[in-house]
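Enquirer: here is my input, please return the structure:
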Amino acid sequence: MAFSPQLSSPARPRKSPAVVIFLCFLAIVFDGYDLVVYGAIVPKLLAHQPWALTPVETGAIGSYALAGMFIGAILIGYLTDIVGRRKVMMVSIASFSFLMLLTAWAPTPELFGLFRFLAGLGLGGVIPTAIALTVEFSKSNRRNFNNALMFSGYAVGGILAALLSLAFLSTLGFQGMLALGGIPLVAVVPLLFKFLPESPAYLAAKGDRDQAERLIADYGLEQLTPIRVSGDVPEAGRFRTLLTGRLLAAMILFCLAGVCGQTLVYGLNTWLPQLMVIAKYSLASSLTFLLTVNIGAVVGVLVSSRLADRFGPRPVTATAFANSGFALVLMGTGIMPLPAMYLLVAVVGFGSVGAQILVNGFVATYFSGATRATALGITLGIGRIGAVLAISGGGVLVAASLGTFINFSVWAIAAAVGVVAVLSVPRLQAAAATTGVGMATEPAVSTDAIPH
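Expert: Below is the predicted model:
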């Protein structure tokens, strides 16, 4: 059911939805910070003599937070519909921040890994909640761009982690850099408590129609737009629909592209500093490269969302993957001058984060409303496999001492597979016209800017 503001209601002060989107942006910033700061501290972890961690062990510990995020997104996403998005957002950020502090003070690598896993549970609840709120508080003609803008917080968090590591890693050590992840507990949660409204969709579902309509009027929202099955496919048959014929082939290829995208995003953000150290760059220079990756990612997120709207997601997504792979191969040659290396690293940032966002946008516009949400959930869930394998597998790669060219070029394989997967997705315009279960004819549900 869709609700609209009561026209007879007295005029009320109009509040800006930009405030809500900005608060969601702040929440996502610390997702990016957590990932990139771990990559920044990997050299320090390996050099920490009391723990004597190997690269393989360090990679495994890095993947624990991702496993926690996967579980947290499922469990806490379910609780969101029971207790409300506002409470879930505040509790998730508070728990994540507190556990980051515990991680910083962990006396053993075993507790260090445990606390990172538990922190991932909280962080996993932030992402779907931020998506839902951004969708609900955006006008229909701004949802795609607002989602991309909000998720640029991920790369901004990476930039923040790289800058702070350049400035303070040598003095604070890895413990101090992790402790900075506790800042949201005192800086962000109070802002959410004061300024973050509850979801109109949640209020309406709970029967509080008056409050939902007041929020719609206050924020100038067009209508409530919960994701629902549109009727062309029975709800119980969505999985069966996706697992037959050409849609099955499309799902397999989209999942493969998602794995490739998350492999690049998580693998490079975690292991790039150490790979640059192996390539004979100083740690400070390596952290600067990490900063450059995420600057390129911010530009990529904003530019690629506009290009995909204009030219379609298929060619733009394939181009992003291809650019990233080509840049990685050139980096591995070891013959590029320093300015060119910075440019190539920025291209990698564009082609990794940008490609992952575009994959999800492609999924959202490919499937109809009856199957879109289910298809996105499958693609994002299976894509997380790439993130876990990239972080743990990166440690195996470093330990193998295979040389600079292989160290960089092996990541280009994921980019190449991503290109092939995206270009091979079947075209279903004709099927959509006759069955209603292929390409969407209405505007896509704006979960297309999701990078996790």
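
Enquirer: what are the ranges of the helices in the stretch 351-452 of the chain?
Expert: Remark: helices assigned in the stretch 351-452 of the chain by DSSP state H, counting those that start in this stretch are 372-400, 404-424, 429-435.

Enquirer: turn those helices into TSV, including mean pLDDT and mean neighbour count.
Expert: Where you see a C-beta, it was placed from the backbone N, CA and C, and this is true even at glycine. TSV is the format used below for the helices of the stretch 351-452 of the chain (pLDDT from 0 to 100; neighbours: other Cβ atoms under 10 Å):
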stretch	mean pLDDT	mean neighbour count
helix 372-400	75	21
helix 404-424	91	20
helix 429-435	41	12
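
Enquirer: can you say which of those is nearest to residue 185?
Expert: helix 372-400 (25.4 Å; Cβ to Cβ).

Enquirer: where's that closest one relative to the chain centroid, distance-wise?
Expert: With Cα atoms, centre = their mean, to the nearest Å as the basis, helix 372-400 stands 12 Å off its chain's centre.

Enquirer: what does stretch 257-268 give?
Expert: That offset, for stretch 257-268, works out to 11 Å (Cα atoms, centre = their mean).

Enquirer: quick one on the thing from earlier: same list (the helices of the stretch 351-452 of the chain) but as JSON lines, adding distance to residue 292.
Expert: Shown next, in JSON lines, are the helices of the stretch 351-452 of the chain (distance: least, Cβ to Cβ, whole Å):
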{"stretch": "helix 372-400", "distance to residue 292": "19"}
{"stretch": "helix 404-424", "distance to residue 292": "15"}
{"stretch": "helix 429-435", "distance to residue 292": "40"}
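
Enquirer: what's the closest of these to residue 221?
Expert: Counting by Cβ to Cβ, residue 221 lies closest to helix 372-400 out of the helices of the stretch 351-452 of the chain; the figure is 20.5 Å.

Enquirer: can you check what angle separates that closest one from helix 404-424?
Expert: 160 degrees (axes from the mean of the first three to the mean of the last three Cα atoms, to 10 degrees).

Enquirer: name the helices or strands packed onto helix 372-400?
Expert: Packing partners of helix 372-400 (3 or more Cβ pairs under 8 Å, 6 or more residues apart in numbering; DSSP states H and E): helix 55-83, helix 238-242, helix 245-278, helix 338-366, helix 404-424.

Enquirer: for residue 264, which non-adjacent residue is spatially closest?
Expert: Of all residues not flanking residue 264 in the chain, residue 352 sits nearest, at 3.9 Å (Cβ to Cβ, 6 or more residues apart in numbering).

Enquirer: got the domain ranges for the protein?
Expert: Listed domain ranges for the chain are 15-226, 230-445 (source: automatic domain parsing).

Enquirer: if you average pLDDT over each of these, which is lowest?
Expert: Mean pLDDT per stretch puts domain 230-445 lowest among the domains of the chain, at a mean of 76.

Enquirer: where do the helices of the stretch 101-250 of the chain begin and end?
Expert: 109-136, 143-179, 184-187, 189-195, 200-205, 209-219, 238-242, 245-278.

Enquirer: mind listing what's buried in the fifth one?
Expert: Buried residues in helix 200-205, counted by 16 or more other Cβ atoms under 10 Å: 200, 201, 202, 203, 204.

Enquirer: please apply the same query to the longest one.
Expert: If you call a residue buried by 16+ other Cβ under 10 Å, then helix 143-179 has these buried ones: 143-162, 164-166, 169, 172-174, 177-179.

Enquirer: stretch 36-53 now?
Expert: Buried residues in stretch 36-53, counted by 16+ other Cβ under 10 Å: 36-46, 48, 51, 53.

Enquirer: outside of stretch 308-321, which residues touch it?
Expert: 144, 257, 260-261, 300, 304, 307, 350-351, 354-355, 358-359, 361-362, 365, 415-416, 418-419, 422-423, 425 (Cβ atoms under 8 Å, 6 or more residues apart in numbering).

Enquirer: burial count for residue 425?
Expert: Residue 425: 23 surrounding residues under other Cβ atoms under 10 Å.

Enquirer: before we move on, what about residue 301?
Expert: Residue 301, neighbours per other Cβ under 10 Å, totals 28.

Enquirer: ok, now how distant is it from residue 308?
Expert: Noted for residue 301: a distance of 11 Å to residue 308, by Cβ to Cβ, to the nearest Å.

Enquirer: which residues touch residue 159?
Expert: Here residue 159 is in contact with 32, 291, 294, 295, 298 (Cβ under 8 Å, 6+ apart).

Enquirer: let's go with 7 Å and repeat that
Expert: 291, 294, 295 (Cβ atoms under 7 Å, 6 or more residues apart in numbering).

Enquirer: adding neighbour count, distance to residue 60 and secondary structure, write these out as TSV.
Expert: Listed next are these as TSV, based on neighbours: other Cβ atoms under 10 Å; distance: Cβ to Cβ, whole Å; DSSP: H, G, I helix; E, B strand; the rest coil:
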residue	neighbour count	distance to residue 60	secondary structure
291	24	26	helix
294	29	24	helix
295	20	29	helix
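
Enquirer: export those to CSV and tack on distance to residue 246?
Expert: Shown next, in CSV, are those (distance: Cβ to Cβ, whole Å):
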residue, distance to residue 246
291, 43
294, 37
295, 39
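
Enquirer: pull out the buried residues from stretch 290-309.
Expert: 290-302, 304-305, 307-308.
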